[in-house]
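Peer 1: Provided below for reference: sequence and predicted model.
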Amino acid sequence: CKNIQIGASRIFDLDVILHNTVNLYLFDSTVNTQSVLFMNNKITNGKLCKILDPLAVVDFFLFLFFLELFHLCCSIRWMKINRCVSCSHELCEKKEEVPLYLIVPVLNEQRIIEETYMHFRDIVNQFEKVYVVYVTTEKEGPCSITTYEMIKRLMEADVCNKKIYLFHYPYKKGVMAHQLNYAIDQLEKINPSLNFWIGIYNADSRISVSTIDYIINNINQKDCLHKCFQQYSWYITKSNKSHDILNSAALWQTRWTLVFELARVRFQAALDSAKLPDSIYFILEKMNYVIGHGLYIKVIDLKTLGGFPEDTINEDACLGYLLNCNNIKIIPIPFLEKAESPNRVSIYIKQQTTWFNGPWYAFQYWKCKMKAQGKNNVRYLLLAFKLFLHALYWLLAPILLLFICPICITNLYQLGLWIGTVLLYLPIMHFIVEKSIVYLEDIKAGSVPHASLWCIPFFAIHCFGPIRNLYFQLRKQNSIDYKYKTER
């Protein structure tokens with residue numbers, strides 16, 4: 001018993017010594033403070049830190065920042081150079097030979113349709129062979145007055161104007177692609193030869209006369225074969241607050257236009273002129289998609305692709321994939337369209353949920369292409385893979401930068417680098433984009449969404465749409481029947 005008591009006493013003494021040692025380690029001012037601050041991270045996230053190096057994430061986003069800054073400068077310079085006097089309205093007016101129809105599909109657009117009608121009417125009236133076509137749909141729910149009825153009243157009050165058409169898609173099922181194909185079928189009755197071009201815009205799209213000048217000057221050229229034109233956008237929001245998440249969302253979309261979409265089509269144009277071997281070309285070529293507004297394409301070329309894809313949730317990404325596969329070049333327009341960004345966070349997330357379908361179903365487009373062609377093609381598969389990478393970046397970039405990377409940080413040096421990278425990649429880059437649009441469009445600073453620290457929580461929210469999309473896929477509620485129409 002005496003031996004047992006002595007042993008217990010020693011164990012107790014050892015426990016006291018160990019307890020005091022730990023306390024001394026934790027609270028002694030001479031101990032390395034970095035170890036104190038991040039000891040818990042080391043213990044609980046050790047395995048995660050071995051998998052993901054926070055410095056690698058920081059390096060990746062720093063590289064993206066400088067790459068995007070370079071692309072931004074090049075895009076602005078390219079647009080300034082190409083907004084030349086040769087595209088003036090006086091010169092283009094003499095070259096109008098091919099009819100151009102601006103198609104505006106509408107659904108529940110009562111709030112802005114009158115403003116839209118006046119905007120496009122004033123533009124087409126300045127040209128001889130440019131028309132605007134509104135396409136309503138039976139899908140529009142019961143209300144006091146439908147968009148179709150509003151447009152009809154506007155046309156009756158403007159009875160002398162013969163340059164405005166109104167078609168009504170007579171079915172409740174279908175999406176924007178169905179409305180567009182229906183409108184094209186009606187236009188074929190007017191132009192059986194199919195020798196005409198169409199441009200696609202949304203009800204909130206606002207363009208300049210210079211855009212139509214540029215298009216007319218190009219589509220009437222003899223070498224304008226197997227080409228389409230894409231006008232990119234800068235975005236505003238109707239939010240009442242001057243510095244908030246929604247302004248950050250609008251700036252992000254403008255940023256994406258200048259540093260990603262526009263930069264990539266310009267790179268592709270340079271690549272096409274380089275005449276590289278096919279093996280190298282297939283690796284370097286970009287998978288450039290088109291957008292559901294600002295697209296100009298010759299109807300004959302569109303018909304060779306089967307029209308606007310009706311079997312996919314989003315028609316624009318699939319159409320872009322088919323254009324790339326069929327070597328129909330996408331030419332950027334050096335004038336920007338002004339478009340609206342959602343005015344509520346909930347609407348933004350729902351919109352992103354729908355838009356995510358575009359790149360996510362890239363391999364579905366490839367399967368459909370293989371089925372139609374009847375043979376495999378490595379280039380088509382590679383293009384689908386490149387498009388799918390857009391979806392991965394969309395989903396994972398905010399998660400990596402703002403959620404996983406901070407958990408993996410183990411010292412103050414890494415913390416400082418991470419904070420600096422976040423500030424560079426988000427608010428500072430947004431500030432540069434804001435000033436770039438003011439310079440490029442020659443407008444007042446107050447007309448552009450303001451950059452602020454709100455872009456950091458915005459970027460966190462930016463992945464909510466893709467996550468929500470994946471959730472709906474698991475519940476089998478992600479289909480054409482469930483497609484969301486962005487509210488105004």
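Peer 2: Noted; the coordinates are in hand.
Peer 1: Where do the strands of the stretch 151-300 of the chain begin and end?
Peer 2: Secondary structure of the stretch 151-300 of the chain by DSSP state E, counting those that start in this stretch: the strands cover 164-169, 197-200, 227-230, 233-237, 295-298.
Peer 1: Ok, which of these comes nearest Arg468?
Peer 2: Nearest to Arg468, of all the strands of the stretch 151-300 of the chain, is strand 233-237, at 20.5 Å by Cβ to Cβ. C-beta: built from backbone N, CA, C; applies to glycine.
Peer 1: Who are the packing partners of that closest one?
Peer 2: In terms of contacts (3 or more Cβ pairs under 8 Å, 6 or more residues apart in numbering; DSSP states H and E), strand 233-237 is packed against helix 245-256, strand 337-341.
Peer 1: isn't there a strand covering Gly307?
Peer 2: No - the assignment for Gly307 is coil, going by DSSP: H, G, I helix; E, B strand; the rest coil, so no strand is present there.
Peer 1: separation between it and Phe196?
Peer 2: The span separating Gly307 from Phe196 equals 15 Å under the rule Cβ to Cβ, to the nearest Å.
Peer 1: And Gly416, by the same measure?
Peer 2: Look at Gly416 and Phe196: by Cβ to Cβ, they are 59 Å apart.
Peer 1: Tyr321 too?
Peer 2: Relative to Phe196, Tyr321 is positioned 25 Å away (Cβ to Cβ).
Peer 1: Gln221 now?
Peer 2: Distance check for Gln221 against Phe196: by Cβ to Cβ, it reads 16 Å.
Peer 1: what helix or strand is the closest residue to His462 other than its chain neighbours on?
Peer 2: Computed as Cβ to Cβ, 6 or more residues apart in numbering, the closest residue to His462 that is not its neighbour in sequence is Pro398, at 5.0 Å. Under the assignment given by DSSP states H and E, the secondary-structure element containing Pro398 is helix 378-399.
Peer 1: residues in contact with that helix?
Peer 2: 282-283, 285-287, 289, 317, 320-321, 324-325, 356, 358-360, 362-363, 365-366, 369-370, 459-463, 466-467 (Cβ atoms under 8 Å, 6 or more residues apart in numbering).
Peer 1: Narrow those to those that are buried.
Peer 2: A residue is treated as buried here by neighbour count (16 or more other Cβ atoms under 10 Å); on that basis the buried members of the contacts of helix 378-399 are 285-287, 289, 317, 320-321, 324-325, 356, 358-360, 362, 365-366, 369, 459, 461-463, 466.
Peer 1: most neighbours per residue, which of the helices and strands packed on strand 233-237?
Peer 2: A comparison of those by mean neighbour count, using mean count of other Cβ atoms under 10 Å, puts helix 245-256 on top with a mean of 24.
Peer 1: Between the two ends of stretch 195-206, how far is it?
Peer 2: By Cα to Cα, to the nearest Å, the extent of stretch 195-206 from end to end equals 26 Å.
Peer 1: average pLDDT across that stretch?
Peer 2: On average, the pLDDT along stretch 195-206 is 95.
Peer 1: List every C-alpha atom in stretch 264-275, with coordinates, as PDB.
Peer 2: Only the C-alpha atoms of stretch 264-275 are listed here, as PDB (Å, rounded to 0.1, in the frame of the first residue of the first chain):
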ATOM      1  CA  ARG A 264     -10.300  35.400 -75.000                       C
ATOM      2  CA  VAL A 265     -12.000  36.200 -78.300                       C
ATOM      3  CA  ARG A 266      -9.100  38.600 -79.100                       C
ATOM      4  CA  PHE A 267      -6.600  35.900 -78.300                       C
ATOM      5  CA  GLN A 268      -8.500  33.500 -80.500                       C
ATOM      6  CA  ALA A 269      -8.400  35.900 -83.400                       C
ATOM      7  CA  ALA A 270      -4.700  36.300 -83.100                       C
ATOM      8  CA  LEU A 271      -4.300  32.500 -82.900                       C
ATOM      9  CA  ASP A 272      -6.400  32.000 -86.100                       C
ATOM     10  CA  SER A 273      -4.100  34.300 -88.000                       C
ATOM     11  CA  ALA A 274      -0.900  32.500 -86.700                       C
ATOM     12  CA  LYS A 275      -1.600  29.300 -88.800                       C
END
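Peer 1: ok, and what's touching that stretch?
Peer 2: 74-75, 78, 230, 281, 284-286, 288, 329-332.
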